[in-house]
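Enquirer: got a structure for you, letters missing:
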């Protein structure tokens, strides 16, 4: 049962992917069929029903003997005989016995004579002519038999008459002993003559009834429109069947992966199936199906890597493809779970994480690799627990130094700042991406349905394992994954920090919001003022943490830790502190780039 459903599902998928081809062939075949029905020479069929020698068991003649039933198979062959055609051509010059078919219904004394003509009238005339011609020939044959029998009886009677006359003459001159014998002979001759006369009377009284046409031939009712519709329907069926066969042939020759089951049959673990479009769905539609897919991917990644910090390389198995969308959403998902995350943009595709997060062009990884800039000073605060190291200008030239010491030192410094270091890399088939595999603890391969082939996945695994990295699995990008869900969250994420103004609650003061640990902010300066070896305060964790999660308290904000360690007196209310003034080259620490983009 499961195998049948799987085969049916694959066939449905093939038909869906090649729907345009199948519909085009079906439409073309339908048009050809309709034109053929209109232009090709038409042919029509007409049938005449003939009753043969109605005898016992037939409602047309209840009188008769069962042993007189005619062998209709022989009669059916007789209809198409040369003798019958000669009789028919006396009335219909164009009659052709090759156009005649004879059918014998079971347990009847009936023949169905069908004639195929170039028109309805020709078909009717041909069927009726062969029915009448067959009955005429059969009557002629029966009359000929009766005539032969009558002639034989007349010859026999003549001989008996001659013998009777001779015997009568001898009786006059015969002796008394001979007369007795001759009188007996004369009596026998008279009896023979009487029998012959009776037989002649029977022959003369025998009716010559070969049969009758009980249903005359009628012209068929099919019109030109009906014929065109029939031809068009046949063309449609042929076109659909041919299109499906061609689609199956193309699918067999196409090595691209089309569904998740095909990827799983390769023995490759599939961590999740995400949408190949939609942007940052965890921000714009967190409760959608696409958002749930990224949460499943986050759970699979967290379960696959047990030690922290971890450097995770996200790359595509498709040559010249980008994994930016998947890596960006995964970084947001990890940050929402309360894990301090740094995303390094090491790709040079058209779409960059900076564009997805609504950030402008700024210095980044290229400045670190080409000029030796401190990477920690170039981190951009993209979300509460997510910081981004942009690609920077001249990313293509800087990619040549992915295998150099500066890139290794960059990864080492960032590992001290976060739990997860996500490297958004080019396709693993690129030599620069293979150099990044040597710096990663684990590799996540993105498979795009309809683009990635089996050879691409095999080569991707080979290149990653050759670099000594561990491939934790694949994530499928599928354009059919819907973005909309049953409960899309349309509320901006920044409103959860400011409080619900619609409900009348008092908004939170600015100084009590989540601190920003981006370089150059007040919190970052406090962290630099701490003694050598003191731990750097991590970014604020997400407020929605389940009870089954690990201890996320170590990722709480510095203000919360301070409030727990140093309780304030109950008699005096807490005075709001003046917000720290960030440097002029940094953005407002209380508003992230994503939130600004949403509010805009």
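Expert: Now that the structure is in, tell me what you want to look at. Keep in mind that what you see is a predicted model, and the values were worked out from it rather than measured. Numbering: from 1, shown residues only.

Enquirer: Can you tell me the element residue 274 falls in?
Expert: Residue 274 belongs to strand 270-275 when assigned by DSSP states H and E.

Enquirer: Distance of residue 184 relative to residue 178?
Expert: For residue 184, the distance to residue 178 equals 11 Å [C-beta to C-beta, to the nearest Å]. For the C-beta atoms, the positions are set from N, CA and C on the backbone; glycine is no exception.

Enquirer: same check, this time on residue 303
Expert: Counting by C-beta to C-beta, the gap from residue 303 to residue 178 is 138 Å.

Enquirer: Hmm, residue 267 and residue 473 touching each other?
Expert: No. Assessed by C-beta atoms under 8 Å, residue 473 is found out of contact with residue 267, at 11.3 Å.

Enquirer: Those two: who's more crowded?
Expert: residue 473 (17 against 8; other C-beta atoms under 10 Å).

Enquirer: residue boundaries of the strands in the protein?
Expert: 44-52, 100-103, 110-117, 211-215, 270-275, 310-316, 341-345, 380-381, 386-389, 420-424, 442-448, 470-478 (DSSP state E).

Enquirer: Any idea which of these gets closest to residue 397?
Expert: Closest to residue 397 of those is strand 341-345 (C-beta to C-beta; 15.2 Å).

Enquirer: how about that closest one: buried residues?
Expert: 341, 342, 343, 344, 345 (16 or more other C-beta atoms under 10 Å).

Enquirer: Output those residues as CSV; include the columns distance to residue 455.
Expert: Compiled in CSV, the buried residues of strand 341-345 are given as follows (distance: C-beta to C-beta, whole Å):
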residue, distance to residue 455
341, 33
342, 33
343, 30
344, 29
345, 28
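
Enquirer: Dump those to CSV, plus pLDDT and distance to residue 469.
Expert: Output for the buried residues of strand 341-345, formatted as CSV (pLDDT from 0 to 100; distance: C-beta to C-beta, whole Å):
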residue, pLDDT, distance to residue 469
341, 94, 19
342, 94, 19
343, 93, 18
344, 93, 15
345, 90, 19
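
Enquirer: tell me which residues form a beta bridge with residue 424?
Expert: residue 314, residue 345 (DSSP bridges).

Enquirer: thought it was touching residue 343?
Expert: Yes. If you go by C-beta under 8 Å, residue 424 and residue 343 touch, sitting 6.4 Å apart.

Enquirer: and for these two, which residues touch both?
Expert: Counting by C-beta atoms under 8 Å, 6 or more residues apart in numbering, the shared contacts of residue 424 and residue 343 are 327, 328, 353.

Enquirer: Tell me who's in contact with the last one.
Expert: Right, residue 353. Contacts of residue 353 by C-beta under 8 Å, 6+ apart are 324, 327, 328, 331, 343, 345, 382, 388, 390, 424.

Enquirer: Can you check the pLDDT for the residue nearest to residue 190 when sequence neighbours are not counted?
Expert: Closest residue in space to residue 190, ignoring its immediate chain neighbours: residue 164 at 7.0 Å, by C-beta to C-beta, 6 or more residues apart in numbering. We have a pLDDT of 89 for residue 164.

Enquirer: check contacts around residue 164.
Expert: 186, 189, 190, 193 are the contacts of residue 164 under C-beta under 8 Å, 6+ apart.

Enquirer: Out of the residues you listed, who's the most crowded?
Expert: residue 189 (20 neighbours).

Enquirer: Look up how far residue 427 lies from the closest residue in space to it that isn't next to it in sequence.
Expert: In space, and not counting its chain neighbours, residue 189 is closest to residue 164: 4.0 Å by C-beta to C-beta, 6+ apart. Noted for residue 164: a distance of 124 Å to residue 427, by C-beta to C-beta.

Enquirer: got the domain boundaries for the protein?
Expert: Split into domains by automatic domain parsing, the chain comes to 44-215, 260-478.

Enquirer: Switch these over to JSON lines; also include distance to residue 19.
Expert: Converted to JSON lines, those look like this (distance: least, C-beta to C-beta, whole Å):
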{"stretch": "domain 44-215", "distance to residue 19": "39"}
{"stretch": "domain 260-478", "distance to residue 19": "14"}
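
Enquirer: Tell me which of the ones you listed sits most buried.
Expert: Highest mean neighbour count among those (mean count of other C-beta atoms under 10 Å): domain 260-478, with a mean of 21.

Enquirer: roughly how far is that domain from the heart of the chain?
Expert: Distance of domain 260-478 from the chain centroid (C-alpha atoms, centre = their mean, to the nearest Å) equals 33 Å.

Enquirer: so who does residue 349 touch?
Expert: Residues counted as contacts of residue 349 (C-beta under 8 Å, 6+ apart) are 322, 324, 426.

Enquirer: what do you get if the cut-off is 10 Å, keeping everything else the same?
Expert: Counting by C-beta atoms under 10 Å, 6 or more residues apart in numbering, residue 349 makes contact with 316, 320, 321, 322, 323, 324, 325, 391, 395, 424, 426, 427.

Enquirer: Including distance to residue 133 and pLDDT, could those go into JSON lines?
Expert: Formatted as JSON lines, those follow (distance: C-beta to C-beta, whole Å; pLDDT from 0 to 100):
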{"residue": "316", "distance to residue 133": "82", "pLDDT": "91"}
{"residue": "320", "distance to residue 133": "81", "pLDDT": "84"}
{"residue": "321", "distance to residue 133": "80", "pLDDT": "86"}
{"residue": "322", "distance to residue 133": "84", "pLDDT": "86"}
{"residue": "323", "distance to residue 133": "85", "pLDDT": "89"}
{"residue": "324", "distance to residue 133": "87", "pLDDT": "90"}
{"residue": "325", "distance to residue 133": "83", "pLDDT": "91"}
{"residue": "391", "distance to residue 133": "95", "pLDDT": "87"}
{"residue": "395", "distance to residue 133": "95", "pLDDT": "78"}
{"residue": "424", "distance to residue 133": "91", "pLDDT": "91"}
{"residue": "426", "distance to residue 133": "88", "pLDDT": "88"}
{"residue": "427", "distance to residue 133": "83", "pLDDT": "88"}
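
Enquirer: State the distance from residue 185 to residue 191.
Expert: From residue 185 over to residue 191 the distance is 11 Å, taken as C-beta to C-beta.

Enquirer: Ok, residue 38 next?
Expert: Taken as C-beta to C-beta, the span from residue 38 to residue 191 is 78 Å.

Enquirer: do the same with residue 158
Expert: On the measure of C-beta to C-beta, residue 158 and residue 191 end up 16 Å apart.

Enquirer: what do you get for residue 97?
Expert: 50 Å.

Enquirer: Give me the pLDDT for residue 219.
Expert: Reported pLDDT for residue 219: 81.

Enquirer: how long is stretch 447-460 end to end?
Expert: One end of stretch 447-460 sits 10 Å from the other (C-alpha to C-alpha, to the nearest Å).
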